[in-house]
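Engineer: below are the sequence and a predicted model for it; my questions follow.
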2 protein chains.
Amino acid sequence: MFQLDYMDHSPLYEQIKEKIKALIISGVLKPNEKVPSVRELAQSLTINPNTIHKAYKELELEGYIYSVRAKGSFVTPINNKINQARKDDLLLEMEKLVSELAYMNIPKEQLISRIEELYGRGRQRNND
Amino acid sequence: MFQLDYMDHSPLYEQIKEKIKALIISGVLKPNEKVPSVRELAQSLTINPNTIHKAYKELELEGYIYSVRAKGSFVTPINNKINQARKDDLLLEMEKLVSELAYMNIPKEQLISRIEELYGRGRQRNND
DNA sequence: TTAACTGTACTATATCATATATAACAGTTT
DNA sequence: AAACTGTTATATATGATATAGTACAGTTAA
């Protein structure tokens, strides 16, 4: 499914979170699709199942997946209403980033055209 | 100068980095202006000088301040050429953020208008 | 010159986060 | 029944974080 980057010094469970999140955002993992089981992913990455579980638990808290006991974990269908706190966090984080990029004299046109591109990609969005 | 947020669970030295960086980016701290000494800031925040030093050391690595032995630490004047790696990091981080916001159906116009505002603020930038 | 200030560099210690190993429980599926 | 799910728990090891304390080297002002 993906590999861990051993040059990355962030915690394993954080890396796993980011990888799964990226697969969801990019549309590789579809809404309600099953993600690998805790033990299966642990085995394929050669790490401890508890570490996978920690990553999944946080992904669930942030609204990216939902887990059903004895069944598995699945991609949460998008819903505009939930997770307002998460949205606020992301927007705040983006404001800090943009302030920093502005401070470094990165032309704002560069940022805006990049945004247009990124929004252009996955236009087929739904609200299940 | 500023206070630490004890609801924030990130390491103290990270918080200090963020606070100082914010003061520099917002223009409160001007180029070549002195930042508090290691011991002075440690005392005013009631934390260990070693922790301040770690924060300053990283701020120096990232190019925000420079330290002169026996004199103090000072805000680095902006230079478009240095710190290309840092810029690349920030741009990559922004792309991840924007992808996530797009996935959450945040209208891109909202992001763009926010960027315009943030760029509008500190237009008086120089290249010393 | 002295005293007080700077950044920097150590050692030692305590605590918490991270990751592992291992085991078990409860429910589902075939 | 067997094999799979998520979940929970204990124990253990390691590294990051933070503190306390001391010291060195250079600067600045009295």
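Structural biologist: Nice, thanks for sending it over. Numbers count the residues shown, from 1 in each chain, chains lettered A, B, ... in the order given.

Engineer: got the domain ranges for chain A?
Structural biologist: A:12-75, A:84-121 (automatic domain parsing).

Engineer: to residue B:109, which of the ones you listed lies closest?
Structural biologist: domain A:84-121 (9.9 Å; C-beta to C-beta). C-beta coordinates here come from the backbone N, C-alpha and C atoms, glycine included.

Engineer: residues of chain A that sit close to DNA strand C?
Structural biologist: Proximity of chain A to DNA strand C, by C-beta under 7 Å from any atom of the strand, involves residues A:11-14, A:47-51, A:54, A:69-71.

Engineer: now, which of these lie close to DNA strand D?
Structural biologist: Counting by C-beta under 7 Å from any atom of the strand, the members of the residues of chain A next to DNA strand C near DNA strand D are A:49, A:50, A:69, A:70, A:71.

Engineer: and the residue of chain A positioned farthest from its centre, what are its phi and psi?
Structural biologist: The C-alpha centroid of chain A is most remote from residue A:105, which lies 29.0 Å away (C-alpha atoms, centre = their mean). Note on residue A:105: backbone dihedrals following degrees, to the nearest 10 are phi 60, psi 30.

Engineer: and for residue A:75?
Structural biologist: Torsion angles, degrees, to the nearest 10, at residue A:75: phi -70, psi 130.

Engineer: how about the residue nearest the centre of chain A: what's its closest non-neighbour residue?
Structural biologist: Nearest residue to the geometric centre of chain A (C-alpha atoms, centre = their mean): residue A:21, 2.1 Å. Using C-beta to C-beta, 6 or more residues apart in numbering or on different chains and skipping residues adjacent in sequence, the residue nearest residue A:21 is residue A:64, 5.8 Å away.

Engineer: from residue B:9, how far out is that neighbour?
Structural biologist: Distance, residue A:64 to residue B:9, using C-beta to C-beta, to the nearest Å: 21 Å.

Engineer: helices or strands up against the lengthiest helix in chain A?
Structural biologist: Of all the segments of type helix in chain A, defined by DSSP state H, the longest one is helix A:84-103. Helix A:84-103 sits against helix A:108-121, helix B:12-25, helix B:84-103, helix B:108-121, with contacts defined as 3 or more C-beta pairs under 8 Å, 6 or more residues apart in numbering or on different chains; DSSP states H and E.
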